[in-house]
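Q: dropping a prediction and its sequence here:
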Amino acid sequence: MLSERQELILQLVVDAYLASARPVGSKEVAEQPEVEWGPSTVRAELALLEAEGYLTHPHTSAGRIPTDSGYRRYVDLLMESPAPAPAARVDLELSRLRREVDEAMRETTTALAQVTDLVAMASAPPPSLGATIHRVEVLQLAPSRIVAIAIASSGDVARRVFEFDHPVDPGLVKWASSYLNESLSGLGVGARMISSRLAEPELGRLETDFISRLGGAFTDLEPETGADLYLDGASRLLSEARIADLPRTDELMTALERRADVLQMLRSSLGQRSVFLWIGDENPQPELRSVSVVGANYGVGHRNLGAVGVVGPRRMDYATAIASVRVAARELSRYFETVYDN
């Protein structure tokens, strides 16, 4: 556990290193207006921070630079700070695009790449977003065999055959088909309301058990992973300003070209509700452990649909990256609320 003094010194070292890309010495830290202690005290604290694994130094006489753990604590302090984050300049007007999802995703990654000067990425939601349940059929194939079919307005079809251990009353099958059409028709695919409609408390036990058994046919309409990946700004990693911070640029570019791997990385974040960060070895994709990823999930209600984020060197402007992905995720959430409701 770091003391307040150590946290301040760590923040000052990381700030200075992010700005200059040069190792930071104790004298430079001691000269900062926020520091109330002399160089000898600062040197002692720097040594402790290094011993704890938050800082390191390129060679004996050099100042310190942050390690992955140092960056992580720095970012955590940024997230915990009550001070306002820098204003993100991500300028998005997605509402005018209505249902043009592809264009909305492209505009988001383009704007995010321009503002952060990093690689921007975003995973699109499942293609059935905005689709509704068009028709439901429950048919009896044999006395104890029932097929449930659900058709979405997007054309997606879910079909499931159920084997019962006893003959099913044909009247129950006919009733179920009519009831499910009336209850589910027009509901958005994947909407939370589907489950509540399938658990209607006013139904009798026989009807409830039968509808519950058929329920999977309707929730299966929602694809598990139908997202597409959008990338922008990859050439920015090849600029002179970035090359020094990315010693394995070729490996990184190859990793970004493996779109399935990047999608898998983004999908692994969908359970998180706020901004997420992976610094170096924290990244779930081994090929991307030479960089940092800052992202945020967007969605409708309590359901995350996808993620938007940036990829760049460990030495990046984390404050701007965090603020920018927050804005981008918020605007995408607003946009998809209109798509989902229409």
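A: Perfect, thanks for sending it.

Q: now the stretch 51-200 of the chain, which segments are flagged as low pLDDT?
A: 60-61, 82-99, 126-131, 153-157, 188-197 (pLDDT under 70).

Q: for the host helix or strand of residue 77, the distance to its chain's centre please.
A: In this assignment (DSSP states H and E), residue 77 forms part of helix 68-80. How far helix 68-80 lies from its chain's middle: 19 Å, per C-alpha atoms, centre = their mean, to the nearest Å.

Q: which residue ranges of the protein form strands?
A: For the chain, the strands defined by DSSP state E occupy 55-56, 65-66, 119-123, 133-142, 145-152, 157-163, 229-232, 276-279, 292-300, 303-312.

Q: comparing those, which comes out most buried?
A: strand 119-123 (a mean of 27; mean count of other C-beta atoms under 10 Å). For the C-beta atoms, the positions are set from N, CA and C on the backbone; glycine is no exception.

Q: now the strands of the chain as TSV including distance to residue 182?
A: Compiled in TSV, those are given as follows (distance: least, C-beta to C-beta, whole Å):
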stretch	distance to residue 182
strand 55-56	66
strand 65-66	61
strand 119-123	35
strand 133-142	9
strand 145-152	14
strand 157-163	19
strand 229-232	39
strand 276-279	41
strand 292-300	25
strand 303-312	25
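
Q: now for those strands, which one comes closest to residue 252?
A: Residue 252 lies closest to strand 303-312 among the strands of the chain, at 8.0 Å (C-beta to C-beta).

Q: packing partners of that closest one?
A: In terms of contacts (3 or more C-beta pairs under 8 Å, 6 or more residues apart in numbering; DSSP states H and E), strand 303-312 is packed against helix 101-116, strand 119-123, helix 259-267, strand 292-300, helix 318-341.

Q: ranking those by burial, who's on top?
A: By mean count of other C-beta under 10 Å, these have strand 119-123 as the most buried, with a mean of 27.

Q: what angle separates that strand from helix 101-116?
A: For strand 119-123 against helix 101-116, the angle by axes from the mean of the first three to the mean of the last three C-alpha atoms, to 10 degrees is 150 degrees.

Q: next, the angle helix 318-341 makes with strand 119-123.
A: Counting by the same axes, to 10 degrees, strand 119-123 lies at 30 degrees to helix 318-341.

Q: restricting to C-alpha, output strand 119-123 in PDB.
A: Provided in PDB are the C-alpha atoms of strand 119-123 (Å, rounded to 0.1, in the frame of the first residue of the first chain):
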ATOM      1  CA  VAL A 119      -5.300   3.100 -33.100                       C
ATOM      2  CA  ALA A 120      -9.100   3.200 -32.500                       C
ATOM      3  CA  MET A 121     -11.200   0.100 -32.500                       C
ATOM      4  CA  ALA A 122     -14.800  -0.800 -31.900                       C
ATOM      5  CA  SER A 123     -16.900  -4.000 -32.000                       C
END
